[in-house]
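Trainee: can't give you the sequence, but here's the structure:
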């Protein structure tokens, strides 16, 4: 996966005036945490300002659930046992943060970025920085953390850290035990040798990227408020646990051993990618409101007529890169282009 800007909304470093990119999910969540846990006046002030300005989390432009639906989801979602939260250090400077990482990691490149507010580190972007020992980051207690493409494998320093967003793509991390109880809303694990996601059970995850992992059991995801889920190439065959995901909008499961999409019937799913799977029946699409469907037509035995008449579809294709309008797709299909 190519490098993306993890933290698109800007906040201001209070000590040096530098701008720091941080998503509202991370920063807003950090403000709530600071305001409620520590009664921090600055956090309360900023939180009120965000509310007055009408700032909303990513995806808030989508149609909101009504109160009844929201209450039903809240009641059905397992309550996570969150890790205890310690008072973080409040005298961090950028120089001190770099020094701490360098002392624990001889190969540290010195290219990490830090979001610092009132001496407290809110976010750390340390992608491909040569980090093996992240104990200094554990002491920083950031709410948003990008550690992708580092040779680290031990997450123990993050145990008890109330991290909201964590990016670990292309690292040798295999044990998620230290993340148990973390209030994670985003977790990216693509190409990590992770097999067991039991420690994530009950987490408030909204985005979970598990492309190229060894994950096969999805039951720990039951009841989560997930909106986006990627499982490309994972050894997954049973997606029945996903039937409980009331908020799921986008599901990407190509190159898996999934046989049936029946568990997704009557869901609110909008985008589904099932190319190169064992799925042969698309009949469940009749009870969905999909706007995008990517599949392998030459493997389908039932339900093509259902897809052809689906009223909400705006994109069809056999790959993400090959998406096209339905009219173009069916012209190609009728000419035998996908056989």
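Mentor: Right, received. Where do you want to start? Note that the coordinates shown come from a computational prediction; the quantities given were computed from them, not determined experimentally.

Trainee: contacts and neighbour counts: CA atoms only from here.
Mentor: OK.

Trainee: list the contacts for the residue nearest to residue 191 when sequence neighbours are not counted?
Mentor: In this structure, residue 191 finds its nearest non-sequential neighbour in residue 212, 4.6 Å apart by Cα to Cα, 6 or more residues apart in numbering. Under the criterion of Cα atoms under 8 Å, 6 or more residues apart in numbering, the neighbours of residue 212 are 190-192, 231-234.

Trainee: Straight-line length of stretch 305-324, end to end?
Mentor: 18 Å (Cα to Cα, to the nearest Å).

Trainee: and residue 316, what are its bridge partners?
Mentor: residue 293, residue 324 (DSSP bridges).

Trainee: what number of residues lie near it?
Mentor: For residue 316, the count of nearby residues is 24 (other Cα atoms under 10 Å).

Trainee: Likewise for residue 337?
Mentor: 12.

Trainee: that older thread, quick check, nearest of the contacts of residue 212 to residue 246?
Mentor: Set against residue 246, the nearest of those by Cα to Cα is residue 231 (18.1 Å).

Trainee: was I right about residue 244 contacting residue 222?
Mentor: Yes: the pair residue 244 and residue 222 qualifies as a contact (Cα atoms under 8 Å) at a distance of 5.8 Å.

Trainee: Can you tell me whether I have it right that residue 136 is in a strand?
Mentor: No: read with DSSP: H, G, I helix; E, B strand; the rest coil, residue 136 is helix and lies in no strand.

Trainee: quick one: contacts for it?
Mentor: With Cα under 8 Å, 6+ apart, residue 136 has these contacts: 97, 100-101, 104.

Trainee: likewise residue 205?
Mentor: 183-187, 224-226.

Trainee: at 10 Å what do you get?
Mentor: 164-165, 183-187, 221, 223-229 (Cα atoms under 10 Å, 6 or more residues apart in numbering).

Trainee: Just the buried ones from those, in PyMOL syntax?
Mentor: Entered in PyMOL, the line below selects the buried ones among the contacts of residue 205, by 16 or more other Cα atoms under 10 Å:
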select buried, resi 164+165+183+184+185+186+187+221+223+224+225+226+227+228+229
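
Trainee: nearest to residue 249, of the contacts of residue 205?
Mentor: residue 227 (5.1 Å).

Trainee: what's around the closest residue to the closest one other than its chain neighbours, how many residues?
Mentor: Nearest non-adjacent residue to residue 227, counting by Cα to Cα, 6+ apart: residue 248, 4.1 Å away. Look at residue 248: counted by other Cα under 10 Å, it has 23 neighbours.

Trainee: Need the per-residue pLDDT for residue 32.
Mentor: If you check residue 32, the pLDDT there is 45.
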